[in-house]
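S.K.: sequence first, predicted coordinates after that:
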Amino acid sequence: MSSIKKLAGQTLWYGGSSIAARFVNYLLTPLITYSAVVTTADYGRMGAVYAAMPLLNVIFTYGMETAYFRFVQKKERAEAVNATTTISLLISTVLLTMLLWMNQSWLAKAASVEAYPELIKLTIPIIALDALSAIPFARIRNENRPKFYAFVKIAGILITILFTAFFISYCPAQIKKNPDSWVTLLYDPKVNPINYILIANILQCAFTLLLLVKWLIPKKWSFNAALWKEMMIYALPMLIVGMGGMVNEVFDRLMLGWWLPGTEDFVDGQRGMYNACYKLSILISLFIQAFRMGAEPFFFKQAEEQNPQRTYARVLKFFVITITFMFLIVSLFIPIWKHFIAPKYWPALGVVPILLLANMFLGVYYNLSVWYKVTNRTRAGATITLIGVVITCAINYIFIPKYSYTACAWATFLCYFSMMVISYVWGQKEYRIPYAWKKLVAYFCIVVIFFFIHKGLTALWANTIFSLLIAAILTFVYGWFILLVERKEFQKLPVVGKYIK
């Protein structure tokens, strides 16, 4: 149980700080969507640019973060790993940034923003600065410095919010009052407002890297070629996993631009609505991100202990219990959550439950992926991810022209479901873990049934108070059911057990 408690602590600190940072960042969604200067088309273009960033981030870091955790566990070569990884990323970031700068037109075309080349110019430094921060953040996590990690994450997001609010709220309001206001020195109302959001992001990345300089610079500048080669052999399949993961996660915003017929403003408007509603799955996405932050180093360290498979199985059980609760909290309380985005984005709310389930499958997949990571079979992860990419691209290509962003949501759902199932079946053959899969499938089915019960009852009486009351009752019933079924498990938890007889 101590290992579960340790993972919970790591998830609370490292992941919790990411949750806090991203939740604060989530406050940008109402700020931007309710802004008078940002249209749905603008928000769609922003979504396209931010969809391209994660894929390029994966290319810029090429799996070295995961490789770092894998190789730094041996203390006798920890410093060599630190130095080699840092030097590798410094050199590659400079080269890739130059390459990207010389091919801006290609990137603009891929994001369907050819008419807005300045968006690409502002995107490139964000990608470069993020890449340079990857290993310093990994070093902090490995050194168990959660408070500083939390400080850097949250401080960076606060910088983003401060400057975003300044540029898209304060400046337009001041110019409206006084066209000769001092803010005209920093803000031009004729410039695309998304430019200023990207500038705020650049300032945040630069501030973050400044705080991480101590962990960016190794104690000794020495490059171990043999170690680098060994790390690259491990990392490159993870690059494929990462790229495929990003295609599955964010490329649908780009695919809408490629394959949805209509005018530029219509397509960007559809992307904007989808992008805004995608953010309503934020609670589950945040928890999954938090879990990954704590779980990745934990899984590798746990692999050295006795009977790690039992621990992995118990981790997944608690994970599924948590995300099924979150599914109910978000999907049943949509009448509240929808106000985080402006009403002009509400036509796409129907995709939220589909995306919630898709992200739940993705979270389970991250748990299941432990088998190929701890056994150094990262090629298996690459294969599974590529299968997901094929599913994502095929469904979107066929159905986007007719069903728009609804096709994107179902493609995400089927992609992550397939990856989850394949990883489970394959993993049980190669590295058996005693998952209580029947019970976990039952939990998934119960919350989906509760969702449809709620949907049916609210269809009979479309009243907000009634909807929220039924949502609260169903969520309580599920919690009571889980306590009955998992009473013995909860009694073993130091924090919870004393309250459960």
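M.R.: Great, that's in hand. Numbers count the residues shown, from 1 in each chain.

S.K.: hey, let's count contacts and neighbours off CA atoms from now on
M.R.: OK.

S.K.: mind telling me what element F476 is part of?
M.R.: For F476, the host element (DSSP states H and E) is helix 464-485.

S.K.: can you point out the buried residues in stretch 391-401?
M.R.: For stretch 391-401, a neighbour-count test (16 or more other C-alpha atoms under 10 Å) marks 391-393, 395-397, 399-401 as buried.

S.K.: need the residues that contact that stretch.
M.R.: Stretch 391-401 is touched from outside by 247-248, 252, 255-256, 259-261, 406-408, 411-412, 414-415, with contacts defined as C-alpha atoms under 8 Å, 6 or more residues apart in numbering.

S.K.: ditto for stretch 472-485
M.R.: For stretch 472-485, contacts defined as C-alpha under 8 Å, 6+ apart pick out 321, 325, 328-329, 447, 450, 490.

S.K.: same deal with stretch 176-196?
M.R.: In this structure, residues lying in contact with stretch 176-196 by C-alpha under 8 Å, 6+ apart are 37-38, 42-43, 46, 118-119, 122, 164, 167-168, 171-172, 174-175.

S.K.: for that stretch, measure first residue to last.
M.R.: Stretch 176-196 stretches 18 Å from its first residue to its last (C-alpha to C-alpha, to the nearest Å).

S.K.: just how off-centre is that stretch within its chain?
M.R.: Mean-position distance between stretch 176-196 and its chain equals 32 Å (C-alpha atoms, centre = their mean, to the nearest Å).

S.K.: returning to that earlier point: pLDDT check: weakest of the contacts of stretch 176-196?
M.R.: pLDDT across the contacts of stretch 176-196 is lowest for V37, at 85.

S.K.: any regions of this structure where pLDDT drops low?
M.R.: Scanning the chain for pLDDT under 70 picks out the ranges 1-26, 75, 283, 290, 293-305, 490-501.

S.K.: quick one, longest helix in it?
M.R.: In the chain, taking DSSP state H as the definition, the longest helix is helix 225-259.

S.K.: which elements pack onto the helix or strand following it?
M.R.: Going down the chain from helix 225-259, the next helix or strand is helix 264-278, by DSSP H and E. In terms of contacts (3 or more C-alpha pairs under 8 Å, 6 or more residues apart in numbering; DSSP states H and E), helix 264-278 is packed against helix 40-61, helix 225-259, helix 352-368, helix 405-430.

S.K.: what's the angle from helix 264-278 to helix 352-368?
M.R.: Put simply, helix 264-278 runs at 60 degrees to helix 352-368, going by axes from the mean of the first three to the mean of the last three C-alpha atoms, to 10 degrees.

S.K.: mind saving the C-alpha coords of helix 264-278 as PDB?
M.R.: In PDB, the C-alpha atoms belonging to helix 264-278 read as follows (Å, rounded to 0.1, in the frame of the first residue of the first chain):
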ATOM      1  CA  GLU A 264     -12.800  29.700 -44.800                       C
ATOM      2  CA  ASP A 265     -14.800  31.500 -42.100                       C
ATOM      3  CA  PHE A 266     -17.400  28.700 -41.900                       C
ATOM      4  CA  VAL A 267     -14.700  26.000 -41.500                       C
ATOM      5  CA  ASP A 268     -12.800  28.000 -38.900                       C
ATOM      6  CA  GLY A 269     -16.100  28.700 -37.100                       C
ATOM      7  CA  GLN A 270     -16.700  24.900 -36.900                       C
ATOM      8  CA  ARG A 271     -13.200  24.400 -35.700                       C
ATOM      9  CA  GLY A 272     -13.800  27.100 -33.100                       C
ATOM     10  CA  MET A 273     -16.900  25.500 -31.700                       C
ATOM     11  CA  TYR A 274     -15.400  22.100 -31.600                       C
ATOM     12  CA  ASN A 275     -12.200  23.400 -29.900                       C
ATOM     13  CA  ALA A 276     -14.200  25.200 -27.300                       C
ATOM     14  CA  CYS A 277     -16.400  22.200 -26.400                       C
ATOM     15  CA  TYR A 278     -13.400  19.900 -26.400                       C
END
